[in-house]
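>>> Predicted structure and sequence below. I'll ask about it afterward.
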Amino acid sequence: MLQNSLIIFSTVIVGGILFLPRVANNSYWRATITPLASIIGSGFLILGPILNQAYGGYAPLAMLVLCIVAFLFGSAIRSNIASRIEPKNAKAFANLETLSSWILAFAYIISVAYYLNLFGAFAIRLVSEADPTNAKILTTCIFLLILLVGWFKGFSALERMEQISVSLKLAIISGLIVGLAYFAGEYAIAGQLVFNPAPEQGWAALTLAFGLIITIQGFETSRYLGDEYDAPTRISSMRFAQFISSIIYVVYIGLIAYIFRTDDFSFSETAIIDMMKVVAPILPALLIAAALSAQFSAAIADTEGAGGIISELTNGRIKTRYAYAILVCAGLALTWSANIFELISYASRAFALYYGLQAAIAAFLASKQPKNEMKMIGFGLLALLGICIAVFGTSVEV
């Protein structure tokens with residue numbers, strides 16, 4: 001009873017703060033919401049079971065490494081924003097910038113399909129056990145809803161839907177972490193914490209981590225909000241979004257890794273629901289609400305990003321609303337032809353290639369500035385890392 005009360009209390013308090021007009025209408029917070037919505041769109045839902053299954057007691061370390069890699073790639077993009085080498089004014093790097101932007105648009109198309117397929121999988125659990133066909137039908141309906149809103153109402157309506165979803169999601173995540181902390185504390189006092197062995201080791205463990213990059217992507221959306229926010233705001237809000245998401249991820253994985261044994265639950269995209277039933281009776285319902293909110297807000301964020309990029313790359317010949325239609329058609333094709341874990345791997349590779357190209361641009365810019373040798377070398381190594389991730393990343397085996 002006390003645990004449930006603490007979960008509800010923390011959820012209500014955090015939600016109340018985030019929905020305050022002073023917070024909700026703050027321009028800096030609105031600039032933070034778009035990257036934040038995408039970064040934590042699915043990580044806290046699917047990474048717990050994946051990392052626990054693959055890395056055992058070393059799952060928190062794997063999560064920390066993923067967050068550090070994401071922050072380093074983010075630093076390359078922030079450097080490019082600061083240098084004002086952006087799509088609408090790139091000249092010296094036009095070809096490379098155009099290529100990376102098309103790759104990013106392609107990655108967004110895959111990621112939106114992934115987010116909404118996960119949305120469908122969790123939503124179906126509200127009424128029945130997992131049913132792939134019904135989940136895909138629901139995913140199709142949500143794709144069409146986003147298309148209708150984006151077509152008739154545009155960016156501002158999508159952004160408002162996103163803001164509400166993110167605030168709800170963060171409130172529920174706070175309750176989830178409080179519940180996990182309480183449960184882990186009881187386990188620690190009783191001496192029941194576990195340290196699972198790591199089934200994945202060596203090269204297999206590394207390439208699996210490569211295939212999970214999408215679960216911490218999303219920070220790059222700040223770069224393509226130049227029409228709404230100035231460069232300093234986008235740089236600072238991107239860094240803030242990565243900081244918030246990293247804390248959430250590491251704390252969450254740090255709690256979950258030492259509570260559950262890897263053979264306690266069957267592995268699936270919705271395994272976290274069964275895991276949370278053990279922690280507190282109220283958590284599964286809250287978690288499904290968070291799942292739906294998380295996937296919806298992340299899908300909106302990447303839909304915005306893809307629509308803006310395609311319109312920009314075609315010099316407005318393809319209007320944003322038509323770009324949304326292209327994204328939806330491609331997303332529906334992926335929905336009915338691939339499973340969620342394949343989508344994770346495909347999108348991770350595409351995003352990694354984009355990050356590698358952005359790091360290459362940052363390295364070249366650093367080479368043109370005096371006393372920036374270390375920065376040039378660092379960004380150059382990041383570019384190589386992005387290519388390696390794109391080539392060697394593997395998907396989760398179900």
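Everything's here; your move.
>>> residues contacting the residue nearest in space to the middle of the chain?
Most central residue of the chain, judged by C-alpha distance to the mean C-alpha position with CA atoms, centre = their mean, is I39 at 3.1 Å. In this structure, I39 makes contact with 70, 216-219, 241-242, 245, judged by CB atoms under 8 Å, 6 or more residues apart in numbering. The C-beta positions use only the backbone N, C-alpha and C, and glycine is treated the same way.
>>> and the longest helix along the chain, average pLDDT?
Among the elements of the chain assigned as helix by DSSP state H, the one spanning the most residues is helix 155-190. pLDDT averaged over helix 155-190 equals 77, rounded to a whole number.
>>> That helix - contacts with which helices or strands?
In terms of contacts (3 or more CB pairs under 8 Å, 6 or more residues apart in numbering; DSSP states H and E), helix 155-190 is packed against helix 2-18, helix 27-39, helix 132-152, helix 231-256, helix 271-279, helix 283-313.
>>> Next SSE downstream of the second one?
Scanning forward in sequence from helix 27-39 by DSSP states H and E, the next helix or strand is helix 48-55.
>>> and the angle for that next one with helix 231-256?
Helix 48-55 and helix 231-256 meet at an angle of 70 degrees, taking axes from the mean of the first three to the mean of the last three CA atoms, to 10 degrees as the criterion.
>>> Give me the neighbour count for F265.
For F265, the number of neighbouring residues by other CB atoms under 10 Å comes to 18.
>>> Please tell me how far it sits from L51.
F265 sits 14 Å away from L51, going by CB to CB, to the nearest Å.
>>> Could you do Y229 as well?
When CB to CB is the yardstick, Y229 and L51 sit 33 Å from each other.
>>> for N372, same thing?
Looking at N372 against L51, where the rule is CB to CB, the gap reads 36 Å.
>>> go on, F379?
Computed as CB to CB, the F379 to L51 distance reads 28 Å.
>>> helix or strand right after the lowest-mean-pLDDT helix or strand in the chain?
Lowest by mean pLDDT, DSSP states H and E among the helices and strands of the chain is helix 283-313, with a mean of 75. Per DSSP H and E, the first helix or strand lying C-terminal to helix 283-313 is helix 320-335.
>>> Would you mind listing the buried residues in that next one?
Within helix 320-335, the residues that qualify as buried are 320, 323-325, 327-328, 330-332, 334-335, counting by 16 or more other CB atoms under 10 Å.
>>> In the helix or strand following it, which residues are buried?
Elements were assigned by DSSP H and E; along the chain past helix 320-335, the next helix or strand is helix 340-367. Buried residues in helix 340-367, counting neighbours by 16+ other CB under 10 Å, are found at 340-366.
>>> Return the very next helix or strand once past helix 340-367 as CSV; C-alpha atoms alone will do.
Next in sequence after helix 340-367, counting helices and strands by DSSP H and E, comes helix 373-392. Backbone C-alpha positions of helix 373-392 (Å, rounded to 0.1, in the frame of the first residue of the first chain) are rendered in CSV as follows:
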residue,chain,number,x,y,z
GLU,A,373,43.8,19.3,-33.3
MET,A,374,42.4,17.2,-30.4
LYS,A,375,38.8,18.2,-31.4
MET,A,376,39.6,17.2,-35.0
ILE,A,377,41.0,13.8,-34.0
GLY,A,378,38.0,13.2,-31.6
PHE,A,379,35.4,14.0,-34.2
GLY,A,380,37.4,11.9,-36.8
LEU,A,381,37.3,8.9,-34.4
LEU,A,382,33.5,9.4,-33.9
ALA,A,383,33.1,9.4,-37.7
LEU,A,384,34.8,6.0,-37.9
LEU,A,385,32.7,4.7,-35.0
GLY,A,386,29.5,5.7,-36.8
ILE,A,387,30.6,3.8,-39.9
CYS,A,388,31.5,0.7,-37.8
ILE,A,389,28.1,0.8,-36.1
ALA,A,390,26.3,1.1,-39.4
VAL,A,391,28.3,-1.9,-40.8
PHE,A,392,28.4,-4.2,-37.9
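>>> and Y114, what does it touch?
Contact analysis of Y114 by CB under 8 Å, 6+ apart lists 42, 214, 340, 343-344, 347.
>>> Kindly present these as CSV, with separate columns for pLDDT and distance to L384.
Converted to CSV, those look like this (pLDDT from 0 to 100; distance: CB to CB, whole Å):
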residue, pLDDT, distance to L384
S42, 59, 27
I214, 73, 20
I340, 76, 29
L343, 79, 26
I344, 77, 23
A347, 80, 21
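>>> Format the residues you listed as a markdown table; extra columns: distance to A31.
What follows is these, written out as a markdown table (distance: CB to CB, whole Å):
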| residue | distance to A31 |
| --- | --- |
| S42 | 22 |
| I214 | 22 |
| I340 | 30 |
| L343 | 28 |
| I344 | 27 |
| A347 | 24 |
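>>> So what's the residue count around L286?
The local packing of L286 (other CB under 10 Å) involves 20 other residues.
>>> Angles on the backbone of V112, please.
phi -60, psi -40 (degrees, to the nearest 10).
>>> And the contacts of the next helix or strand after the longest helix of the chain?
The first helix or strand that comes after helix 155-190 along the chain, using DSSP H and E, is helix 202-210. If you take CB under 8 Å, 6+ apart as the criterion, helix 202-210 is touched by 54-55, 62, 65-66, 198, 200, 348, 352, 388-389, 392-394, 396.
>>> hmm, 6 Å instead?
Contacting residues not belonging to helix 202-210 are listed as 54, 200, 389, 392-394 [CB atoms under 6 Å, 6 or more residues apart in numbering].
>>> got it, and stretch 175-183?
In this structure, residues lying in contact with stretch 175-183 by CB under 6 Å, 6+ apart are 3, 6-7, 10-11, 251, 255, 279-280, 283, 286.
>>> what does stretch 259-273 give?
In contact with stretch 259-273 (CB under 6 Å, 6+ apart) are residues 45, 48-49, 53, 121-122, 125, 184, 187, 194, 196, 274-275, 284, 287, 340.
>>> biggest separation within those, which pair?
Checked with CB to CB, these reach their widest spread between Y187 and I340, with 29.9 Å between them.
>>> Next up, the contacts around K136.
So K136 contacts T335 (CB under 6 Å, 6+ apart).
>>> residue contacts, I7?
175, 178-179, 282.
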